[in-house]
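K.L.:
Structure of the sequence below:
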Amino acid sequence: MAGEGKTAAALVIGNELLSGKIADENVVVLARTLRSLGIRLLRVDMVLDEPDVITAEVRALAQSHDVLFTSGGVGPTHDDLTVDAVAAAFDVPVIMHPDVEAKLRGYYGDRLTEGHLRMARVPEGAQLVVSGALPWPTMVMHNVWILPGVPQIFAAKMDVVRAELGGGTPFVSLAVLTKLDEGPLKPLLDRVVADFPEVMVGSYPRWQHPRYRTKITFDATDDAVCGAARDAFVALLPEGALVPGDAD
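P.N.:
All right, here's what the predicted structure looks like:
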């Protein structure tokens, strides 16, 4: 099967996302990071700030994937409910962690509020992964990474993810552009997919693009196999169907 290895899911949390008030920026950052680590992101769910819903999603996704990343709901306000929901998913209480509290007191100083101290609450038994670039650590409860929703902080946390989950073989991605619609490409793609089951083949049509009609991508953790799949597809194309030059 294509891309055997660690699997991941993401749970994106926030009323503001599902109401259309803001657009999510974190999933693409996570997806690209995981690809560089050879981890397949198989599923992304988005839910409201509802504790029971978050808890149920965490339980299901953590059981069915090697690693789960949550995004959002870890700040100081009333709608930041992720820590409690994750704790409930693992049937543990939420505790005030003295090390996190000390970091928050040192960071905020005289500006510290009770709301800020809410961010020192962690599920009992959670691992705290320290990053020198950030004033507070990252919470990991078993295989669940509890990450903030603020895009800039979420992106900064990816350095911690790389450090902790690195070591896998990154995905290689190749692409070709064609002048054909998907219809005539289907039998060619079917043949390549059958001949190279370890390669993920994608077909992406464009409407009224000045340069091409369909982009075909090839993704695998073995660069030689990935290149062979691409070359096999190109060899099947009729004369004049390939768009020369950079496919990006």
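
K.L.:
Nearest residue to I13 in space, please, no chain neighbours.
P.N.:
Setting aside the residues directly before and after it, I13 is nearest to G72 in space (C-beta to C-beta, 6 or more residues apart in numbering), at 3.9 Å. For glycine as for every other residue, the C-beta is placed from the backbone atoms N, C-alpha and C.

K.L.:
and what of A56?
P.N.:
Nearest non-adjacent residue to A56 (C-beta to C-beta, 6+ apart): A89, at 7.9 Å.

K.L.:
Please look at the one you found and V53 and confirm they touch.
P.N.:
No: here A89 lies out of contact with V53, judged by C-beta atoms under 8 Å, at a distance of 11.3 Å.

K.L.:
the more surrounded of these two?
P.N.:
The residue with more neighbours, out of A89 and V53, is A89; 23 against 16, by other C-beta atoms under 10 Å.

K.L.:
that older thread, next, the contact list for the residue nearest to A56, please.
P.N.:
By C-beta atoms under 8 Å, 6 or more residues apart in numbering, the contact set of A89 is T55, A56, V58, R59, A62, V144.

K.L.:
mind running it again at 7 Å?
P.N.:
By C-beta atoms under 7 Å, 6 or more residues apart in numbering, A89 lies in contact with T55, V58, R59, A62.

K.L.:
what's next to the strand or helix carrying V160, contact-wise?
P.N.:
Using DSSP states H and E, V160 falls within helix 151-165. Here helix 151-165 makes contact (C-beta under 7 Å, 6+ apart) with 25-26, 29, 33, 37, 39, 71, 129, 131, 133-134, 138, 145, 147-148.

K.L.:
Now do the helices in this structure.
P.N.:
Remark: helices assigned in the chain by DSSP state H are 15-18, 26-36, 51-64, 82-89, 98-108, 114-117, 151-165, 182-195, 223-236.

K.L.:
To V201, which of those lies closest?
P.N.:
helix 182-195 (5.3 Å; C-beta to C-beta).

K.L.:
Not counting its own residues, what contacts the closest one?
P.N.:
Here helix 182-195 makes contact (C-beta under 7 Å, 6+ apart) with T178, V201, S203, P205, T214, A229, A232, F233, L236, L237.

K.L.:
Tell me, how many residues neighbour the first one?
P.N.:
Other residues near T178 number 24, with proximity taken as other C-beta under 10 Å.

K.L.:
Contacts only, for it.
P.N.:
L185, Y212, R213, T214, I216, L237, A241, L242, V243.

K.L.:
Is it bridged to anything, and to what?
P.N.:
Beta-bridge partners for T178, by DSSP bridges, are T214, L242.

K.L.:
The nearest residue to V44 once chain neighbours are set aside and Y204, how far apart?
P.N.:
The shortest distance from V44 to any non-neighbouring residue, by C-beta to C-beta, 6+ apart, is to A10 (4.6 Å). Between A10 and Y204 the computed distance is 22 Å (C-beta to C-beta, to the nearest Å).

K.L.:
Show me which of those two is the more surrounded one.
P.N.:
Higher neighbour count among A10 and Y204: A10, with 25 against 12, using other C-beta under 10 Å.

K.L.:
Who are the contact partners of the more buried one?
P.N.:
Contacts of A10 (C-beta under 7 Å, 6+ apart): V27, L30, L41, V44, F69, S71.
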